[in-house]
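> coordinates for the following, if possible.
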Amino acid sequence: MSPTPQHVRVVLADDHELVRSGIKALLSMVDGVEVIAEASDGSELITLVDSLTPDLVMTDISMPGMDGITAIAEIHKRHPQVKLLVLSMYDTVDFVKRAVANGACGYLMKDAPPFELEQAVRSVMATGSYYSPVIAQRLLQPSEPTADDELTTRQVEILKLIAQGRASKEIAFQLGLSPKTVDVHRARIMDRLQLNDIASLTLYAVRKGLVKP
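Numbering: from 1, shown residues only. From the prediction side, this is the model:
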């Protein structure tokens with residue numbers, strides 16, 4: 001007789017309700033796997049993980065407000081035992097490396113076949129990691145520097161807000177800085193990236209996965 005599958009409690013995060021419903025339906029067909037809560041953004045996800053302490057978190061990266069990468073980093077810091085699996089439409093090395101650097105232990109594409117969802121959950125729980133074949137292949141290729149390699153944490157934070165169309169005063173208020181300090185950071189970001197205008201900065205932020213297109 002085969003052993004009973006491990007009971008895996010999952011919290012699912014995606015800002016599209018239809019996507020969450022589809023993933024939840026697929027997971028409900030996997031023996032021993034239960035979706036115990038759902039979140040639509042990073043802040044909600046952290047709150048749920050704090051109160052429920054699931055075995056596994058499956059999260060998208062691009063979500064409104066706090067994104068998946070920031071949430072992953074915070075959850076990994078607070079609950080290092082919780083496994084963090086990214087479920088994304090983005091397959092660039094930059095996204096994957098940022099996710100892993102912040103605590104993710106797996107990366108699954110949203111267009112993966114349904115059977116791969118179960119495979120990913122089982123692998124993450126049994127071995128501590130899982131990467132879609134297309135992602136594993138990407139990771140073997142040489143990659144360009146990530147935003148985190150090229151900019152400081154504060155500069156990445158400011159760049160994200162610039163790319164979201166925020167003015168210096170708004171950014172300053174949100175981050176507790178002076179508008180002049182924000183302008184200095186923006187000038188340094190442009191100088192370091194060799195970019196000359198806001199449009200170019202926004203394109204860079206989109207390409208690096210810091211904001212949604």
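> quick check: which helices or strands does the helix or strand hosting Phe115 pack against?
Taking DSSP states H and E as the criterion, Phe115 maps to helix 114-127. Using 3 or more Cβ pairs under 8 Å, 6 or more residues apart in numbering; DSSP states H and E, the elements in contact with helix 114-127 are strand 8-13, helix 17-28, strand 56-59, strand 83-88, strand 106-109, strand 130-131. C-beta: built from backbone N, CA, C; applies to glycine.
> need the ones you listed in JSON lines (columns: mean neighbour count and distance to Gln119).
Formatted as JSON lines, the helices and strands packed on helix 114-127 follow (neighbours: other Cβ atoms under 10 Å; distance: least, Cβ to Cβ, whole Å):
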{"stretch": "strand 8-13", "mean neighbour count": "22", "distance to Gln119": "13"}
{"stretch": "helix 17-28", "mean neighbour count": "14", "distance to Gln119": "12"}
{"stretch": "strand 56-59", "mean neighbour count": "26", "distance to Gln119": "13"}
{"stretch": "strand 83-88", "mean neighbour count": "24", "distance to Gln119": "11"}
{"stretch": "strand 106-109", "mean neighbour count": "23", "distance to Gln119": "9"}
{"stretch": "strand 130-131", "mean neighbour count": "22", "distance to Gln119": "7"}
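> can you lay out these as TSV showing distance to Ile171?
Shown next, in TSV, are these (distance: least, Cβ to Cβ, whole Å):
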stretch	distance to Ile171
strand 8-13	26
helix 17-28	30
strand 56-59	26
strand 83-88	27
strand 106-109	30
strand 130-131	35
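> with mean pLDDT and distance to Gln174 as extra columns, can I get the ones you listed in JSON lines?
Shown next, in JSON lines, are the helices and strands packed on helix 114-127 (pLDDT from 0 to 100; distance: least, Cβ to Cβ, whole Å):
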{"stretch": "strand 8-13", "mean pLDDT": "97", "distance to Gln174": "23"}
{"stretch": "helix 17-28", "mean pLDDT": "95", "distance to Gln174": "28"}
{"stretch": "strand 56-59", "mean pLDDT": "98", "distance to Gln174": "23"}
{"stretch": "strand 83-88", "mean pLDDT": "96", "distance to Gln174": "26"}
{"stretch": "strand 106-109", "mean pLDDT": "94", "distance to Gln174": "30"}
{"stretch": "strand 130-131", "mean pLDDT": "94", "distance to Gln174": "34"}
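> quick one, which of those is nearest to Thr152?
Proximity to Thr152 (Cβ to Cβ) singles out strand 83-88 among the helices and strands packed on helix 114-127, at 23.8 Å.
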